[in-house]
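Trainee: Give me coordinates for this.
(chains A and B)
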Amino acid sequence: MKKRIYYFLFLLISVLYTVQSCNYIGDAQSSEEQIPDQVSYNFDIRPIFSDKCFACHGPDANKRQAGLRLDNEESAFKALKENPSAHALVSGKPQLSEVFMRISSKDTSILMPPPSSNLKLNSREIDLIEKWISQGAKYETHWSFTRPKKSPLPKVKNAKWAKNEIDHFTLSKMEQKNLEPNKEADKEYLLKRLSLDLTGLPPSIAMMNQFMADNTPGAYEKAVDQLLKSPAYGEKMALHWLDVARYADSHGFQDDSYRSAWPWRDWVINSFNTNLSYDQFITLQLAGDLIPNATKEQILATGFNRNHKITEEGGVVDEEYRVQYVIDRTNTFSKALIGVTLECAQCHDHKYDPFSQKEYYQLYAFFNNVKEVGISSTIGGPETYAKNPMIQISNDEVKNILKFINKQDTNKLIVSVMGDRDTLRKTYILKRGAYDAPGKEVEAGTPKSILAFDNNLPKNRLGLSKWLFDKRNPLTSRVFVNQLWQEIFGRGIVKTAGDMGMQGELPSHPELLDWLAVDFMEHGWDIKRLVKQMVSSATYRQSAVISKEKLKVDPENVFLSRAPRYRIKAELVRDLVLSSSGLLVKTIGGPSVKPYQPSGLWETASSGRGVLRVYRQDHGADLYRRGMYTFVKRTVPPPVMGIFDASNRDQCEIVRLKTNTPLQALIMMNDPTVIEASRVLASKIDVEPLKIQDKVIKAFRLIVCRKPTENEVKILSQYYNDQLITFKKEQSRADKLLAIGEYPNPEKMNKFSVAAMMQVITALYNLEETITRS
Amino acid sequence: MQKDFLEHGLNSNRRRFLSRLSLGLGSAALGSLLVPDLFSGDSSDSGLTPGIPHFAPKAKRVIYLFQNGAPSQLELFDYKPRLREMMGQDLPSSIRGNQRLTGMTANQTAFPMVGSFANFQQHGESRNWISDLLPYTSKVVDDICVIRSMHTEAINHDPALTFFQTGAQQGNRPSMGSWLSYGLGSENKNLPSFTVLLSRGKGNSQGVYSKLWSSGFLESIHQGVQFSSGDDPVLYLKDPDGMNKYERRKFLDQVSQLNQLSYEQFGDPEISTKIQQYEMAYRMQTAVPEIMDLSKEPDDIIKLYGTDAMTPGTFAANCLLARKLSENGVRFVQLYHQGWDHHGNLPNEIASQAKDVDQASAALITDLKQRGLLDETLVIWGGEFGRTNYSQGKWSAENYGRDHHPRCFSIWMAGGGIKPGISYGETDEFGYNVVKDPVHVHDFQATILNRLGLNHEKLIYKHLGRRYRLTDVSGKVINDILV
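Mentor: Below is the predicted model of the structure:
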């Protein structure tokens, strides 16, 4: 009876509610979207339930209210504990379903979610749930926890546009949304894009000329192959992996002293360049030390799991930090390799995904047997640069077996790696995640909702990697394919590349992701092949022009009817400046370097202890290495990198933000790295026997990677002439500008024309297009 | 003549395309120049339109005088005569309870209590007890609220600092100033909304590091911008030698013109944002050095803060700068003063540290008050934890040390809607445990947000499927100290 009154009440005010909801800020856009004919649990309902309901009616048994669990079909249809005559869900009958009654009620004492939760459903969400119940309230397994399947290529109208399978999937979406793909990008743009994506470096003029002149049908593929063969490919691919692996050159806490992990980085670059298959690449990093008769290289690879921060702060409680390291490994494994936020289950059952706290510690158990302590030494000399377990790498080994390691001196070289104890350390559920509150003992295992751990596998990290690469594991391949897609298209098919669980975003092209994931497994987890597949697609090769219509319909370019346009990564901004000016030293690997940095940053932030208390800037060739080799001191990361959104390597990071800020503008205008590059390039171009216009064109091509328009040449040449006159009047300004940076000036030069050209070049470095992949 | 041109600013070319750009942008857009997501972020979740608080704020800005290394409450704010009487006696284990200890004193066989070498007096109308080490602070005692019942969870510097700044001991979370920048945006279109100033005393130091003012998973625009003494107060702000303002303007005009061509070709709104960011950078180049210049401050102000204020990089100079930045609309000014980690030789070191900060801290209160700004500016003074009531290592009445202590410590807050001239919370007679009105770090953070018009349970950011808060999963506003 009471319920019926509520229902009438609801009818009465629903009109008002609709009016009101139109004014609800932030809601407008999503409310406009139409309700689909067939409501899908996975794509329409679960995102709402997960975000707004599961915290109290989900997997976390301790926080569950009224005994109601909505994430699980069986219990959602049961009679309610508090009122056995009522049901949360009654198939086909929203008016009899307590869920619908409560979410649509105006009575705040029964409204769900309760106002105190600060959560609110909008009218579209309420309508969706109503329709879903009307249509039978059918549950589905979460999309990413079912095995991917290769579905047949979707039928498309404009089939001749497609260059490979990828295009069928993207075009089909576009056609559904009445979008047409952009035409293919002009060759110059295409080559810059390809070169940046595959090597992180702009194309050389020779390569531009070669590509422009080659009108054969295979020209593009030739360029792709050439770039994939470049050793810079391994560096570019490693860049993302260093974020994932939270690689840094310091231990990370308090005084934050030096760590020698760079040989591991050399291994990563080499692995990408030799195209080690993904399953091998990961297996070695997870469990190289457990492979029978493990080689030194295999053991080195396990440095991956020792890249986490390690404390050197005297006085800490050892166990607190040892536990922290195991937690870090567990969380990194979850986020990086299976794309779930298992870390939420560290203190309690997961609130959204079907992971229990017990399962968290079962996974944790794989990483809990390392021969390590929380604090083995406080800041000190070279013996503290790695922590046990560690290996020593000799010059002989570098000469004979570990040839990829760029060791240039004869100093002792140690690297932290993995190594297990002989006897198993017991693992307990840690109550509230606290190191000193052990609960029940658990055995190593994996979350059942993903794939139960095969009892025939060894219960160690080697067994875990077998589980990871079991063809039945629904996540491994999807997660990597998605990360690679993100690196090439700027955003993942699942935008939240670190979270494919219920709180993560849904894939924009689910069939495409699955097709690629299966294809990747079927072809031996071949990374270069996958890269080539992506960049060969017509989707990739579109122009990046954004029409007003497309900007309105699809501002984020979810449907890929144009090539994505975005600012390149922090490290690549540096690479572009050094490479185009000819300053780049292309040495691969070796210890990190310390290029120009504003003075005092380390010094003011230091307690005065440790080898990294003072920033000792390098000189000579080490000033001109690629950005990925810039020294990362975790507590004071290189400022240029941070301002351009690089990871601070505090923990595993899968997605970098892409911001656009005034501090970035200040760097491009004033960083001595940019000014020096402008000077060096200007002094080279100045002596070439060319007309002013042609000098401008040359600089433009080197930096922007295309030929300038007439208008652009005119503006820049006028600027050059203006500057030439100014510098002749104000000679001392020219002298000062020409003194910036350590790279020597030629003995003889015309300082006025060099300074003028230098200004033109600095302007080129400051163009939006220069540091944009478009 | 040249100056006229600069102030006039726009040559005809530039004026043409800038006016085209600004078509349709009202004054609202100005505030979003520096914090570009102010009007575009996904705010439906938090019930918060960034830039607009949840309810009417009492404070508009915060100045946080962080005393890095953890000053001893027992020598400064928490008067415990009993400790002197019990000098050298072992701390009863019933009082110590199961408190975990740092590795520095965990192996000590005895825990000899030591009373403060410094004397305390009652001051002002509030009759609050303040140490003789803080004569200036004693004079503003009726303007501040001393909280003696702070407690935290961490026992070591790095996690404790991180906890105070981000609400969690571990993890890459946004700093408090970043949260405020995210929640409230900028008040000044020429200055960042979160700035950081560093100084160091002579006492035993613990490092501070840019990680502490990181924006974590928030956009990097919300990260703290360190202002330093010297000729480049903000990183890369200064034009290179040989470049002048006039030429910089010309340079920007070329760049903007070319970027505009690119915008016409690609239609990407990021390009117009870029053009605006260059303009903002240009304005910062003028605005920041003006603010940093203390040479025009009148003598009475210098006298108020102390002559140290003339020396760039000192705590006194930073306090004065903080007032200027805050006055100019910087939402959150974070100072760090190092040198409070007194494991040994405490009497000497704390006396010199206290002298370093006392006058300028009090001056800041007086100065804000005389400008009518104290009501809308929340000032906070304190460290990351307290110090033990027993000595670390050998002791005498004149020389002893104190280890880290998380169970109780003192801070003060002033202005910005905090009750003046009161004290809050009490510790036991040993100065070891809180016995009345405990204030957890999350309560403290919730209270700050409340004063700025923000509900700490609603100021959230969704990252990797989870809604994050500065106060993590706890925290309650301390209503008793609110005006």
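Trainee: Return the residues of the stretch 251-400 of chain A in contact with chain B.
Mentor: Contacts of the stretch 251-400 of chain A with chain B, taken as CB under 8 Å from any CB of the partner chain, map to A:253-256, A:311, A:313-318, A:324, A:335, A:341, A:344, A:352, A:375. To be clear about C-beta, it is placed using only N, CA and C from the backbone, and glycine gets the same treatment.
Trainee: and the residue of the stretch 401-550 of chain A nearest chain B?
Mentor: Per CB to the nearest CB, A:Gln503 is where the stretch 401-550 of chain A lies closest to chain B, at 2.7 Å.
Trainee: Next one: that residue from A:Leu451, what distance?
Mentor: Using CB to CB, to the nearest Å, A:Gln503 is found at 20 Å from A:Leu451.
Trainee: residues contacting B:Ile144?
Mentor: Counting by CB atoms under 8 Å, 6 or more residues apart in numbering or on different chains, B:Ile144 touches B:137, B:365, B:381, B:412-414, B:420-421.
Trainee: returning to that earlier point: okay, A:Gln503 and A:Leu451: which has more neighbours?
Mentor: Set A:Gln503 next to A:Leu451 and count neighbours by other CB atoms under 10 Å in any protein chain shown: A:Gln503 wins out with 24 against 19.
Trainee: Hmm, A:Leu179 and A:Asp554 touching each other?
Mentor: Yes: between A:Asp554 and A:Leu179 there is a contact at 6.7 Å, judged by CB atoms under 8 Å.
Trainee: Could you pull out the residues contacting both of those two?
Mentor: Counting by CB under 8 Å, 6+ apart, the residues touching both A:Asp554 and A:Leu179 are A:Ser561.
Trainee: A:Lys532: neighbour count?
Mentor: A:Lys532 is flanked by 18 other residues according to other CB under 10 Å.
Trainee: And for the residue nearest to A:Leu475 when sequence neighbours are not counted, the neighbour number?
Mentor: Excluding the flanking residues, the one nearest A:Leu475 by CB to CB, 6 or more residues apart in numbering or on different chains is A:Ile338, at 4.3 Å. By the criterion of other CB under 10 Å, A:Ile338 has 24 neighbours.
Trainee: And A:Lys550, by the same measure?
Mentor: The burial count for A:Lys550: 18, using other CB under 10 Å.
Trainee: Can you tell me the element it falls in?
Mentor: Using DSSP states H and E, A:Lys550 sits within helix A:548-553.
Trainee: Which strands or helices does that helix pack on?
Mentor: Using 3 or more CB pairs under 8 Å, 6 or more residues apart in numbering or on different chains; DSSP states H and E as the contact test, no helix or strand touches helix A:548-553.
Trainee: And it, how far out from the chain middle?
Mentor: 27 Å (CA atoms, centre = their mean, to the nearest Å).
Trainee: do the same with stretch A:648-657
Mentor: That offset, for stretch A:648-657, works out to 7 Å (CA atoms, centre = their mean).
Trainee: same question, stretch B:125-140
Mentor: For stretch B:125-140 - counting by CA atoms, centre = their mean - the centre lies 22 Å from the chain centre.
Trainee: Could you give the separation between the terminal residues of it?
Mentor: One end of stretch B:125-140 sits 10 Å from the other (CA to CA, to the nearest Å).
Trainee: For it, buried residues please.
Mentor: B:126, B:128-131, B:133-140 (16 or more other CB atoms under 10 Å in any protein chain shown).
Trainee: Just the CA coordinates for stretch A:207-218, please, in CSV.
Mentor: Extracted C-alpha coordinates of stretch A:207-218, given in CSV (Å, rounded to 0.1, in the frame of the first residue of the first chain):
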residue,chain,number,x,y,z
MET,A,207,64.2,10.9,-45.8
MET,A,208,61.6,13.6,-46.6
ASN,A,209,63.0,14.0,-50.1
GLN,A,210,63.2,10.3,-50.6
PHE,A,211,59.6,9.8,-49.5
MET,A,212,58.3,12.8,-51.5
ALA,A,213,60.0,11.5,-54.6
ASP,A,214,58.8,8.0,-54.3
ASN,A,215,55.5,7.7,-56.1
THR,A,216,55.3,3.9,-56.2
PRO,A,217,52.4,2.2,-54.4
GLY,A,218,54.8,0.6,-51.9
